[in-house]
Each structure stands twice: as structure tokens, then as C-alpha cells.
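I'd like to go over a predicted model; first the sequence, then the structure.
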Amino acid sequence: MAVASIIISTVSLLLSIAVAVATLWHRGKLRMTPPKLIGFLYDPPGRDLKVFFRAALYATGKRGHIVEALYLRVRRGESSQTFDFWMYGETKDLKIGSGLMVGDGGVVHNHHFLPPKDASTFEFLAGEYVVETHATVVNRATSVLLSTVHLFLSPELAAALKDRTRGVFFTWRPESSCYAAHLQDSPPEPISDFQKWAWHDSFRS
């Protein structure tokens, strides 16, 4: 009986240690929920191309991850453009993306992405789009692909985007498992003075 008790106690201790490691020290994987709303627009209106979406970032482990940066890779046919200037937050509390702690409880934000200032050849033309969201994470040598979204911009909506005060927004329809596009005359959030300063050409490389 004494030997059996020792074995049972040892196994219980090892299980407790394994659970503690799995729950308290394990970082898990970084994940992102599918964006409910994605926007192709210009910000400030009439100027820079921008991609906007709202989504939750979360970790599958207790320790979580520190996201150094998010960036998008937007592809249309043979054309590809990286949107690497990242800001996140709510209407009047946007922050320049320079580090975001993501734990198992998750964080939900609006995310705004602009291309480098020399990306003048890319346009929102009609066609099929693939929008990939990538994250660079502290202590990881390579970036993490968080999401891949397929969108279709019709010729009519692409023509409407020639008016740079307008935007096209893609809303996720869970019943049909696809995005429905619609035109909007203004961005989903007002442009703050801080945003205008942060997005000045001399600020972005």
C-alpha cells in the first residue's frame, strides 16, 4: 500500500506540474477572428489608400504574445501591395501600432492600414482580392499569417471608388459564408487631428 500511495502521489504531482506548465507558462498560438467588416477607402478622404477592419486577436495560452506589428498583403491578380503602416483603437483613441499585448482573453480593436508613401501604382480596381493579415511577434523569427480573406470588387463599385471621398465596405454574411459589398460616402470613423498628423508623408517610410 505504501508503494502504491507513493506512485499515486508522484503521478498526481507530475500531472499538477504539467497542468501548471500548460496553463501558466505556455504561450499558445496567436489567432485572429474573421473580420466582420472590411473597408477599401481613402484616408484622409481624397488622399491615401487605406484598408480598415475590425477583429479580435487572442492567444490560446495564458502567457499570450506581444505583437510588434500587423501588416496586410493585398493581392489582385498579379498585382500585390503591402499595407504596413498600422494603427488600432477606437474612434478618438487611435494608437500607432508599436506593440500590443494579446492574452487568452483577447483584444478587440478597429485596425487601419496604409501602404508606404511610395506605393503610388496600386489602385482599387475591379477584380478578385486576397487580403492576408500578418503579425510580427516578439521572440519569433518569422511573421505569423493570421487571416486570409477573399473579396470581390465589382466594376461598378471600383468605378465609384474613383471618387476618393467614398469607400467600399465588405460585410460578412454568416448565413451565406461570404462578404457582401456596399458603397459608403464616409469612413466608419471620423478622422481626428492626431490621425492627420500621424499619416503625414514625412512620418511614413
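Perfect, thanks for sending it. Numbers count the residues shown, from 1 in each chain.

which residues in this protein form strands?
30-32, 37-42, 49-59, 65-76, 79-83, 85-89, 95-96, 100-102, 107-114, 127-137, 144-153, 167-173, 178-184 (DSSP state E).

who wins for proximity to Thr121 among those strands?
With respect to Thr121, and counting by CB to CB, the nearest of these is strand 79-83 at 8.3 Å. No exception for glycine: its C-beta is placed from N, CA and C like everyone else's.

coming back round to it: make CSV from the strands of the chain and add distance to Leu161 to it.
Below are these laid out as CSV (distance: least, CB to CB, whole Å):
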stretch, distance to Leu161
strand 30-32, 26
strand 37-42, 7
strand 49-59, 10
strand 65-76, 13
strand 79-83, 15
strand 85-89, 20
strand 95-96, 26
strand 100-102, 30
strand 107-114, 16
strand 127-137, 12
strand 144-153, 8
strand 167-173, 6
strand 178-184, 8
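
Lowest mean pLDDT across the ones you listed, which one is that?
Ranked on mean pLDDT, the bottom entry among the strands of the chain is strand 95-96, at a mean of 86.

Of all residues in this protein, which one is nearest the centre?
Thr133 (5.4 Å; CA atoms, centre = their mean).

That one: what's it in contact with?
32, 55, 70-72, 145-149 (CB atoms under 8 Å, 6 or more residues apart in numbering).

Quickly list what it is bridged to.
Leu72, Ser147 (DSSP bridges).

Check the gap between it and Ser154 for me.
Thr133 is 23 Å from Ser154, where distance means CB to CB, to the nearest Å.

Show me what Val168 is bridged to.
Phe40, Leu183.

My guess is it contacts Leu157. True?
Yes. Using CB atoms under 8 Å, Val168 makes contact with Leu157 at a distance of 4.9 Å.

what is in contact with these two at once?
In contact with both Val168 and Leu157: 181, 183, using CB under 8 Å, 6+ apart.

burial count for Asp84?
Asp84 has 19 neighbours, counted by other CB atoms under 10 Å.

likewise Cys178?
Cys178, neighbours per other CB under 10 Å, totals 13.

how about the nearest residue to it, chain neighbours excluded?
Trp172 (7.9 Å; CB to CB, 6 or more residues apart in numbering).

Now do the contacts for the one you found.
Trp172 neighbours (CB under 8 Å, 6+ apart): 34-37, 178-179.

Whichever of those residues end up buried, select them in ChimeraX.
The buried residues among the contacts of Trp172 can be selected in ChimeraX (16 or more other CB atoms under 10 Å) with this line:
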select :35,179
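
what about the closest residue in space to Ala160 that isn't next to it in sequence, distance to Val168?
Spatial nearest neighbour of Ala160, chain neighbours left out: Leu183 (5.3 Å); criterion: CB to CB, 6+ apart. Counting by CB to CB, the gap from Leu183 to Val168 is 6 Å.
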